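J.: Predicted model, plus sequence, below.
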Amino acid sequence: MRRLLVAGSALALLPLAACSPTPGGADDGVRLLGETGTVRVAGAVGDGGDLPDADDPAYDAALSTPRTDPVYPVVGDPGLDALHYDLDLGWDPDARLLTGHETLVLRATGDADRLVLDLSDALTVTAAALDGTQLPEDAVQHADDDLVLAVDVVADQRYVLELDYEGTPLPVAAPTTRSDFSTNGWTTGEDGSTWTMQEPYGALTWYAVDDQPADKAFYDISVAVPDGWTSVANGTVADDVVDAGVRTTDWHLDAPAASYLVTVATGDHVRTDLSAGDVPVTTWVPTSSSRGVAVAAAPGALRWVEGRLGRYPFESLGVLVVGSESGMETQTMLTLGDTEYATSPAVLVHEIVHQWYGDLVTPTDWRDLWMNEGMAMYLQAIFQAENSDYTLEQLMAYWYDQDAALRRSYGPPAEARPESFGESNVYLSPAVMWHLLRGRIGDETFWRLVRAWPRTHADGNAGTDAMVRWWSRRSGVPTSFFDAWLRGERTPPYA
């Protein structure tokens, strides 16, 4: 996510804030204009359709170790490991109605008599089935954004869960004190267009999900909207069909992603196809927006980042502009607010860096957010210094001077306070740490390790302790250096 800072100094104009094909593909369920003229996805639970093979080894790349998140324990459940979400969605902008058929391939992490998923109680589950057997009504309990299914499961066995659901999605309050966003999840504009940003959680507002960073899964997302509208999601377009007044677009993401990195939007967008070498780059800008020229800088930003981090790790890159003031590094499809700064080259660089730091390798839990933001912020700083009249050293000194106040207000970077998600302590302080480490070990070693870390942990998760040990062993810098910066109550020396 980008970070927005407001200050009088020009130096404060800075921070705004993988891969083989998956089995199966987007569902070909029926979309129709009903008698009332609404766009709906026909219920498909129990229709006798073929189910995916849950034991297909192609799902193995999405095996995760879910856990109870220590920062936000109310979302996510360690009892299941999601492997593949197939979401067949219909959005009617006039009725503000979302209908969905979800097919989830999952692994039970232990013997249990229930499965628990996160799902907003603004949505109603109308049918559910496990491995093709429809569940009785009393086996499906849904309250307080928890969907509890009374089923017996066996440790390490895989299952296929089907759900039909519908309702008018509502965003959830974001646990933050920031000014550029206050809610997360499915957001509906006055014209019925929609978009999502959902860090640290909020995917639960539009599908049943293990809404935690430790559980990465493959995604196929199919969205039906009225003809004349577009739908955008992660990955690449697998199919795009107009039939009976409904346009259905199927999106395929061929690398595991955490739920906070998933995006979907509907509306009237202008699509522009670009490229950065052999990486296709596509921008999606609302017809009412003037940001098309700004986001056309994405190929250049990608090339700049590749010059520091190596080859882009995914199949494609997209940029989606939405009606927000913030921005997100949603995997392969950046979601950027419709503002001058959110679509600036510096923010494009920041969010593209996250494709390595955050998306390819994802935090184990939300104490590890600094791992994403510190490196993205540092490379953004390098880019800005190359394209401005101040030096990198001036910028680092300016950020260093803010460190003590940030620690007092929001906590150390690796122990940030839950109510202050995404504040500057997880951006600026670790960026300065990386800069000082670079000075200690030299450019050659620093950049070699910067490139090696995401490759070593590709498609997986890692936490603060693992990252500190890894860097300490390879750099020769003691763990005490990292611990002082990441967990210390006081600002470490600038050395």
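T.: Ah, there it is.
J.: I'd guessed L97 sits against G167; true?
T.: Yes - using CB atoms under 8 Å, L97 makes contact with G167 at a distance of 7.5 Å. The C-beta positions use only the backbone N, C-alpha and C, and glycine is treated the same way.
J.: Looking at the two, which is more packed in?
T.: Neighbours of L97 and G167, each counted by other CB atoms under 10 Å, are more numerous for G167; the result is 20 against 17.
J.: who touches the more buried one in this structure?
T.: For G167, the contact set (CB atoms under 8 Å, 6 or more residues apart in numbering) comprises L97, L98, S120, A122, L123, T124.
J.: Same check on V160?
T.: V160 sits in contact with L51, P52, A54, T103, L104, V105, L106, L130, D131, G132, where contact means CB under 8 Å, 6+ apart.
J.: in what helix or strand does it lie?
T.: For V160, the element it lies in under DSSP states H and E is strand 158-167.
J.: what does the average pLDDT come to for that strand?
T.: Along strand 158-167, the predicted confidence averages to a pLDDT of 98.
J.: Can you give the strand pairings for the next helix or strand after that strand, parallel or anti for each?
T.: For strand 158-167, the succeeding helix or strand toward the C-terminus, using DSSP H and E, is strand 172-173. Strand 172-173 has the following sheet partners, assigned by DSSP bridges: strand 183-188 (antiparallel).
J.: Identify the residues contacting the helix or strand just after the partner strand?
T.: Following strand 183-188 in sequence order, the next helix or strand is strand 194-197 (DSSP H and E). Surrounding strand 194-197, the residues in contact under the criterion CB under 8 Å, 6+ apart are 91, 93, 169, 181, 184-189, 202-203, 205-206, 262-267, 320, 322-324, 326, 328, 330, 335.
J.: Just the ones of those in strands?
T.: Judged by DSSP state E, those include 91, 184-188, 264-267, 320, 322, 328, 335 as members of strands.
J.: Between all of the residues you listed, which two are at the greatest distance?
T.: Within these, W91 and M328 form the most distant pair, 20.0 Å apart (CB to CB).
J.: Please tell me how far L395 sits from I382.
T.: From L395 over to I382 the distance is 9 Å, taken as CB to CB, to the nearest Å.
J.: same thing with V295?
T.: For V295 relative to I382 (CB to CB), the value is 21 Å.
J.: So which of the two has more stuff around it?
T.: For V295 versus I382, neighbours defined as other CB under 10 Å are more numerous around V295 (27 against 18).
J.: you'd agree the more buried one is up against E351?
T.: No - counting by CB under 8 Å, V295 stays clear of E351, with 10.8 Å between them.
J.: what touches both of those two?
T.: When CB under 8 Å, 6+ apart defines a contact, the residues bordering V295 and E351 alike are L336.
J.: center of the protein - which residue?
T.: For the chain, the residue sitting closest to the mean C-alpha position, by CA atoms, centre = their mean, is L261 at 1.1 Å.
J.: Which pLDDT value belongs to that residue?
T.: Turning to L261, the model gives it a pLDDT of 99.
J.: what number of residues lie near P493?
T.: The burial metric for P493, expressed as a neighbour count using other CB under 10 Å, is 7.
J.: any idea which element it lies in?
T.: Here P493 sits in a region with no helix or strand, counting by DSSP H and E.
J.: How about the backbone phi and psi for it?
T.: Here the main-chain torsion angles of P493 (degrees, to the nearest 10) amount to phi -60, psi 150.
J.: rewinding a little: let's have the ones in strands among the contacts of strand 194-197 in CSV, adding neighbour count.
T.: Written out in CSV, the entries for the ones in strands among the contacts of strand 194-197 read as follows (neighbours: other CB atoms under 10 Å):
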residue, neighbour count
W91, 30
N184, 24
G185, 22
W186, 28
T187, 22
T188, 19
V264, 26
A265, 25
T266, 26
G267, 24
L320, 25
V322, 28
M328, 28
T335, 30
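J.: Just the closest of those residues to D278, please.
T.: Among the ones in strands among the contacts of strand 194-197, L320 lies closest to D278 (CB to CB), at 21.7 Å.
J.: tell me the contacts of the closest one?
T.: If a contact means CB under 8 Å, 6+ apart, then L320 has W195, V232, T263, A265, H269, T283, W284, T330, M333, L334, T335, L336 as its contacts.
J.: what's downstream of the worst-scoring helix or strand of the chain on mean pLDDT, the next helix or strand?
T.: Using mean pLDDT, DSSP states H and E, strand 31-33 stands out as the lowest-scoring helix or strand of the chain, at a mean of 50. The first helix or strand that comes after strand 31-33 along the chain, using DSSP H and E, is strand 39-41.
J.: Show me what that following strand is packed against.
T.: With contacts defined as 3 or more CB pairs under 8 Å, 6 or more residues apart in numbering; DSSP states H and E, strand 39-41 has these neighbours: strand 31-33, strand 80-92, strand 97-108, strand 217-226.
J.: Could you dump those into TSV and include distance to D483?
T.: Rendered in TSV, the data for the helices and strands packed on strand 39-41 read as follows (distance: least, CB to CB, whole Å):
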stretch	distance to D483
strand 31-33	54
strand 80-92	31
strand 97-108	35
strand 217-226	33
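J.: Lowest average confidence across those strands, which one?
T.: Mean pLDDT is lowest for strand 31-33 among the helices and strands packed on strand 39-41, at a mean of 50.
J.: In this protein, what residue spans correspond to helices?
T.: Taking DSSP state H as the criterion, the chain carries its helices at 292-295, 298-309, 345-353, 369-386, 392-410, 428-441, 443-456, 464-475, 479-487.
J.: in the longest one, what counts as buried?
T.: Judged by neighbour count using 16 or more other CB atoms under 10 Å, the buried positions of helix 392-410 are L392, L395, M396, Y398, W399, Y400, Q402, D403, L406, R407, Y410.
J.: What count of nearby residues applies to the residue nearest to V242 when sequence neighbours are not counted?
T.: Spatial nearest neighbour of V242, chain neighbours left out: D227 (5.2 Å); criterion: CB to CB, 6 or more residues apart in numbering. As a burial measure, D227 scores 13 neighbours (other CB under 10 Å).
J.: now F314
T.: Using other CB under 10 Å, the number of residues around F314 comes to 22.
J.: Just want the phi and psi numbers for the nearest residue to it once chain neighbours are set aside.
T.: Spatial nearest neighbour of F314, excluding adjacent residues (CB to CB, 6+ apart): T332 at 4.9 Å. In this entry, T332 is assigned phi and psi values of phi 70, psi -10 (degrees, to the nearest 10).
J.: Which residues are in contact with the nearest residue to A385 once chain neighbours are set aside?
T.: Closest residue in space to A385, ignoring its immediate chain neighbours: L392 at 4.1 Å, by CB to CB, 6+ apart. L392 makes contacts with A381, I382, A385, H435, as judged by CB under 8 Å, 6+ apart.
J.: pLDDT weak spots in the chain?
T.: Within the chain, the stretches with pLDDT under 70 are 2-37.
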